[in-house]
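Visitor: just a sequence and a predicted model for now, questions to come.
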4 protein chains.
Amino acid sequence: MINFASDYIAGAHPEVLKRLVETNLENLTGYGTDEYCKEASEKIKDTLKNPDAEVFFVAGGTQTNQLVISTMLDNFAGVISPATGHINVHEAGAIEYSGHKVLALPSENGKIKAETIDSYVTEFFKDDSFEHMVIPGMVYISFPTEYGTLYSKKELSDIYSVCQKHGLTLFIDGARLAYGLEGEGNDVSIEDLSKLCDIFYIGGTKCGTLLGEAVVFTHKNAPKRFVTLTKQHGAMLAKGRVMGVQFDALFTDNLYSKIGKFAIDKAKYLKEMVQRKGYKLFVNSPTNQQFIIVSNKKLKELEKEVIFSVWEKYDDNNTVIRFATSWSTTDEDLKTLESLL
Amino acid sequence: MINFASDYIAGAHPEVLKRLVETNLENLTGYGTDEYCKEASEKIKDTLKNPDAEVFFVAGGTQTNQLVISTMLDNFAGVISPATGHINVHEAGAIEYSGHKVLALPSENGKIKAETIDSYVTEFFKDDSFEHMVIPGMVYISFPTEYGTLYSKKELSDIYSVCQKHGLTLFIDGARLAYGLEGEGNDVSIEDLSKLCDIFYIGGTKCGTLLGEAVVFTHKNAPKRFVTLTKQHGAMLAKGRVMGVQFDALFTDNLYSKIGKFAIDKAKYLKEMVQRKGYKLFVNSPTNQQFIIVSNKKLKELEKEVIFSVWEKYDDNNTVIRFATSWSTTDEDLKTLESLL
Amino acid sequence: MINFASDYIAGAHPEVLKRLVETNLENLTGYGTDEYCKEASEKIKDTLKNPDAEVFFVAGGTQTNQLVISTMLDNFAGVISPATGHINVHEAGAIEYSGHKVLALPSENGKIKAETIDSYVTEFFKDDSFEHMVIPGMVYISFPTEYGTLYSKKELSDIYSVCQKHGLTLFIDGARLAYGLEGEGNDVSIEDLSKLCDIFYIGGTKCGTLLGEAVVFTHKNAPKRFVTLTKQHGAMLAKGRVMGVQFDALFTDNLYSKIGKFAIDKAKYLKEMVQRKGYKLFVNSPTNQQFIIVSNKKLKELEKEVIFSVWEKYDDNNTVIRFATSWSTTDEDLKTLESLL
Amino acid sequence: MINFASDYIAGAHPEVLKRLVETNLENLTGYGTDEYCKEASEKIKDTLKNPDAEVFFVAGGTQTNQLVISTMLDNFAGVISPATGHINVHEAGAIEYSGHKVLALPSENGKIKAETIDSYVTEFFKDDSFEHMVIPGMVYISFPTEYGTLYSKKELSDIYSVCQKHGLTLFIDGARLAYGLEGEGNDVSIEDLSKLCDIFYIGGTKCGTLLGEAVVFTHKNAPKRFVTLTKQHGAMLAKGRVMGVQFDALFTDNLYSKIGKFAIDKAKYLKEMVQRKGYKLFVNSPTNQQFIIVSNKKLKELEKEVIFSVWEKYDDNNTVIRFATSWSTTDEDLKTLESLL
């Protein structure tokens, strides 16, 4: 069986793993206070050219979303999300578990528009009974989105302007950030990101590490006592080094970019190949996730030889499926897939 | 500087790390559904000789405590803990964050007595206004305790009997289980544990892994939809394999026992050595944590050469400090410590 | 100024108030254990012809919704609601505060269809990743709805069948129940209600009391230790008698029905009158809330003389407003309104 | 049966009830925006001579404690309470339900000392691992306490100084405030209270109303969007007037003081009488709660004729019981009690 199910089917990128092995017997302090966490943090701040950034490492994506959103939001506030946003659909209610409503707004191909947010918030405060409703306090978006799409620099700037106009915090989920930054036609650099939002995270799990996400508060805006809050959420690893060492590796010699580029090259090949084979794309994704429409008959056939994600029903006879590439995708598997399609 | 600060100062035991490296490029499914998680789970069940056990892997100790306690307790119930229990002192209120009160009862050297629990619960239900109070629903204890001490088999049996008499769930925190099982004079086997409580966890982070704890529900009593609950708590790793592979290694060729034994040998040496040097033990600990009373002057001196934990004030002139050994403790460091004391 | 803003603009129905006055100096036990609470509960059970019903009194509607939903739902579950449901819009996130997601489904004129629920749940469990999503555990509807509309007996039966098929609890918010039961063309009796759902509440605040809602668990299905849970939510009144006495009055000599009938008569008059005057109804409501489309110019004029609710924008030139009648509506005010329209 | 069980055995003080009756048919706006709420609020601020005070009305004591504490505390913080404090013992875990730990410190006769707080907090921040513990953020005390005792002005000033020194919010539970202000030997005026804490509440339920407590934020320090937070907690009454009218009555013509004085006079009589009869007081209470030691035999006898609270076991042969007086206590009942003792 070949496997295109996701970008987390393999372990760590070999360079990352190597560093874990090399540092394994060093005696280090716990809970993210070790030198590797500090060094990784410095390297990230250098890459962002943002000395005001504050960096924390958290084990997983849902955990990061829950921790960041619930500690940044006022008690009375909710978080705006595209209806298809990960926090609204695939996190088992982790945000609501922390006491906050996800305010789902209409989205297209995973993206929400600045105008949609602006008009929602403007109308909200005109409502006589708004004090009896969940006050919007934050906007959550993903880069890339759950449909592999990207916001342009202009779109992000517009969203951030709307957020600032209304006093909303902007949080960008970068679980697949490497693949977004190197996406086809992308005009948003990681430096830009750091200026165009209040918090974002640099995905590790889906971009080369065994686990770990690097949360960046872009302007010294980490919540007070974030360490205690992290502990309280059960989100603090005793051996914080495990994340420090890995992110240190990712931000050494441009490894994060290389990982992104590699996967995007494979995705491009895959995208052209499926179209050549006559399949239709469900979304025109410039990143490592490709959504393809296949007949239900073909779906059954493929399932015998390939592992992939069944996304959604397209119509009675066709289904949307997803193939994901990553740093670990091999040409051999791509060739096999080609022959099967 | 030599380091006796804790049992999580090094990375993974070399055998564990080796397996991570060997399996790194295998394509596996996510979220704990991979074969290594299954295999590790089977090996644990075999070790316990308990086919009814259900095993789940969770990244860290506080997370495990929060997840297990909040999903096992009824909404109206609280968890009884020794006053010095980890959940009552060192988890930043993670249990309360999940909505439940920790009912702290008097303890001695980290241990609570069956009679203390029995009489608390008996008196509780005699109170006319008990319905306005937090109903006890669970008992939490640690093996070994936060003071390195151990419950005997008789003591555990008594506690479990009291729990069953009152309808309380018994949960044992085994963050340092390896060191407990191999502790001096310990008469509780891991098979016994599996019969003497409703849930316990087998510590990985402090006993040889990079991260990860194996939660064991001893009689098919895992909460309904535990996978969804884990996700909701942000406690699910995408690459569940990271824990599966490591626990598979821990339960291959008795590695878990070997790790425990090794650390206990080092701890014994340390314990005898400090006494030989004329220091007094604060607690007579049979496990890998040793609590020693040093003068405040000596404390200052030691801090220049050794990393250790300052536990608590003993009196105006003396302080309790803790040295911990582990699978990574070296004879060289022990010798250096000896010369400094 | 005349006032048609809501059904809670006056104090208590005179008969209800009279009983509060008469019983004021009696010495009674607290927390809902007094004889009036018991008597009111018995009268309600008699009215429902349902000896298996369990009745509790809670001060307000949002509190009731939060208490019932959060104590009846499993930790992993969410509650399905029409998108326009009170819990989804006008309760400041009280359900999410209690840790549960509101799963908003499309609705029309405040009503959700049995088929909508059925297909949502059916598709949900077909999704490969449903375990990472909020599991539907309950259905919440209102009778009458937030738009004054009513479910027919057939519609309710269908919804309850779908709930039972999928193992969902059905909870009916009856904040305005008196006005629903006496609504034009209504074919659902209070006895029917008690057979067609798992929990419902009999609204007091909007139907003649100073405060208080009577929650009915229809088949001995109140959560274990509901008294403790009520206290924990801050939802227990020390002088539970205040609700007991009032509900005792409401269920003596058919007062609850009389209150409903009175308000419906006034609403019918109002509805015919506005149509006679050439205004269009936004919804054809058979109950005490009437939604009328007025030009923005008329809106401004009316606001000088009448208090009412501005519901929503109809189009650029027109607005939907709401007039509500109740047991306290006077013919004089209706006449004045007529002359102003 | 005569009844000394508590101070909430009767309905409302006749003057209070009269105002509810007189205003019953007035049409008023909802949710605490009516004129009576405003007027009551102004009268309270006048009484306090504190124009910076912000006043809100909440239905009950536990609800008030939960709402105030959870909305004033930072997410990472807990609330210090005397071990015998109401929030620590008799609120079914309402504070923990809201996510915060109650940090119980030793108390005597219901009172905590400034020094106890000071040394706890000072030691806390000296602990190397304090970031892994619940940060103290507030101090909760009661006036009068659960044992009927009072803090002197000096004691309160000292506690407030310690709070200000450590950045802790001071919150005073005044469920029985009327009886404290008029307590024997009390030297704290309501004006003083308003200067000696950050928040306190003026008890209504136990001091003459059917329900309702007036929360006073003493220096424009109400949490942002407190109305929304109140709604979110299910703590907002639609007919806020019910509390406004009653508190308006309590603060008209010194009724609140009169109610306090009346109950204190009755309590004094009771206290002298039981001592005259040879019973021993468990606590020397200057307020309306009197704690008396009776033999278990006498206890059984009394229970046949009198309703009272069984407080706690004194020793194997004796029990502490509580008699409470209030505005509704009659001389006749006191005489009957005298004859029974």
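Guide: Cool, got the structure.

Visitor: let me know the pLDDT of A:T23.
Guide: Per-residue pLDDT puts A:T23 at 98.

Visitor: how many neighbours does it have?
Guide: Using other C-beta atoms under 10 Å in any protein chain shown, A:T23 has 20 other residues around it. (C-beta placed from N, C-alpha, C; glycine too.)

Visitor: contacting residues around the nearest residue to it once chain neighbours are set aside?
Guide: In space, A:T23 comes closest to A:V245 once its chain neighbours are excluded; the distance is 5.2 Å by C-beta to C-beta, 6 or more residues apart in numbering or on different chains. Going by C-beta atoms under 8 Å, 6 or more residues apart in numbering or on different chains, A:V245 touches A:19-20, A:23, A:36, A:40.

Visitor: what does chain A put close to chain D?
Guide: Residues of chain A that fall close to chain D, judged by C-beta under 8 Å from any C-beta of the partner chain: A:31, A:70-71, A:74-76, A:99, A:131-133, A:135, A:223-225, A:227-229, A:231-232.

Visitor: narrow those to those that are buried.
Guide: A:31, A:70-71, A:74-76, A:99, A:131-133, A:135, A:223, A:225, A:227-229, A:231-232 (16 or more other C-beta atoms under 10 Å in any protein chain shown).

Visitor: these: which ones sit near chain B?
Guide: Applying C-beta under 8 Å from any C-beta to these, those adjacent to chain B are A:228-229, A:231-232.

Visitor: farthest-separated two in those residues?
Guide: By the measure C-beta to C-beta, A:L229 and A:K231 form the most distant pair in these, at 7.3 Å.

Visitor: joint contacts of these two?
Guide: Counting by C-beta under 8 Å, 6+ apart, the contacts common to A:L229 and A:K231 are B:A92.

Visitor: would it be right to say that A:G180 lies in a strand?
Guide: No - A:G180 is assigned helix when assessed by DSSP: H, G, I helix; E, B strand; the rest coil, not a strand.

Visitor: check it and give its pLDDT.
Guide: You'll see A:G180 listed with a pLDDT of 98.

Visitor: average pLDDT across stretch A:92-111?
Guide: So the average pLDDT for stretch A:92-111 ends up being 98.

Visitor: in chain A, which helix or strand is least confident?
Guide: Within chain A, no helix or strand scores below strand A:309-313, which has a mean of 93 by mean pLDDT, DSSP states H and E.

Visitor: any bit of that strand sitting next to chain B?
Guide: No - Strand A:309-313 lies apart from chain B when judged by C-beta under 8 Å from any C-beta; the minimum separation is 10.7 Å.

Visitor: next structured bit after that strand?
Guide: strand A:318-324 (DSSP states H and E).

Visitor: dump that next one to CSV, restricted to CA.
Guide: C-alpha atoms of strand A:318-324 as CSV (Å, rounded to 0.1, in the frame of the first residue of the first chain):
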residue,chain,number,x,y,z
ASN,A,318,-18.6,11.2,-7.3
THR,A,319,-16.5,11.8,-4.2
VAL,A,320,-13.8,14.4,-3.3
ILE,A,321,-10.7,12.7,-2.1
ARG,A,322,-7.5,14.2,-0.7
PHE,A,323,-3.9,13.3,-1.4
ALA,A,324,-1.2,15.0,0.7
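
Visitor: elements contacting it?
Guide: On a contact count with 3 or more C-beta pairs under 8 Å, 6 or more residues apart in numbering or on different chains; DSSP states H and E, strand A:318-324 meets strand A:289-295, helix A:296-303, strand A:309-313.

Visitor: tell me which strands that strand pairs with, and in which orientation.
Guide: Using DSSP bridges, the strands paired with strand A:318-324 are strand A:289-295 (antiparallel), strand A:309-313 (antiparallel).

Visitor: so the shortest one versus helix A:296-303, what angle?
Guide: Following axes from the mean of the first three to the mean of the last three C-alpha atoms, to 10 degrees, one obtains 170 degrees for the angle between strand A:309-313 and helix A:296-303.

Visitor: who are the packing partners of the helix or strand where A:P136 lies?
Guide: Per DSSP H and E: A:P136 is located in strand A:135-142. Packing partners of strand A:135-142 (3+ C-beta pairs under 8 Å, 6+ apart): helix A:61-72, strand A:77-82, helix A:114-126, helix A:153-166, strand A:169-173.

Visitor: now the angle from it to helix A:153-166?
Guide: Using the same axes, to 10 degrees: strand A:135-142 against helix A:153-166 is 160 degrees.

Visitor: return the residues in contact with A:Y31.
Guide: Residues near A:Y31 by C-beta under 8 Å, 6+ apart: A:227, A:236-238, A:240, D:132.

Visitor: about what we covered before: just the buried residues of the least confident helix or strand of chain A, please?
Guide: A:309-311.

Visitor: looking at the helices and strands packed on strand A:135-142, which is nearest to D:A10?
Guide: So among those, strand A:77-82 is nearest, using C-beta to C-beta, at 42.1 Å.

Visitor: any bit of the closest one sitting next to chain B?
Guide: No - contact of strand A:77-82 with chain B is not found when judged by C-beta under 8 Å from any C-beta; the minimum separation is 15.1 Å.

Visitor: which residues does the next helix or strand after that strand contact?
Guide: Later in the chain than strand A:77-82, the nearest helix or strand by DSSP H and E is helix A:86-89. By C-beta under 8 Å, 6+ apart, the surrounding residues in contact with helix A:86-89 are A:61-62, A:65, A:69, A:79, A:81-82, A:94-95, A:102, A:104, A:140, A:142, A:146, A:173, A:175, C:133.

Visitor: how about 6 Å then?
Guide: Residues outside helix A:86-89 that contact it (C-beta atoms under 6 Å, 6 or more residues apart in numbering or on different chains): A:65, A:81, A:95, A:102, A:104, A:140, A:146.

Visitor: around chain B, pick out the residues from the stretch 101-250 of chain A.
Guide: Within the stretch 101-250 of chain A, the residues that sit near chain B (C-beta under 6 Å from any C-beta of the partner chain) are A:205, A:210-211, A:228, A:231-232, A:234, A:237-239, A:242.

Visitor: in helices, which of those residues appear?
Guide: Judged by DSSP state H, these include A:228, A:231-232, A:242 as members of helices.

Visitor: domains in chain A, by residue range?
Guide: Per automatic domain parsing, the structural domains of chain A span A:14-254, A:256-340.

Visitor: tell me which of those domains sits nearest to B:E123.
Guide: Closest approach to B:E123 among those is made by domain A:14-254 (31.3 Å; C-beta to C-beta).

Visitor: please state the offset of the closest one from the chain centre?
Guide: Its chain's C-alpha centre and that of domain A:14-254 lie 8 Å apart, by C-alpha atoms, centre = their mean, to the nearest Å.

Visitor: still on that earlier bit, adding distance to D:K165, write the helices and strands packed on strand A:318-324 out as a markdown table.
Guide: Listed next are the helices and strands packed on strand A:318-324 as a markdown table, based on distance: least, C-beta to C-beta, whole Å:
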| stretch | distance to D:K165 |
| --- | --- |
| strand A:289-295 | 55 |
| helix A:296-303 | 68 |
| strand A:309-313 | 58 |
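
Visitor: pick out the shakiest of the ones you listed, pLDDT-wise.
Guide: In terms of mean pLDDT, the lowest-scoring of the helices and strands packed on strand A:318-324 is strand A:309-313 (a mean of 93).

Visitor: circling back: contacts for the strand holding A:P136 next, please.
Guide: Applying C-beta under 6 Å, 6+ apart, the contact partners of strand A:135-142 are A:73-74, A:76-77, A:79-81, A:85, A:87, A:103, A:121, A:163, A:168-173.
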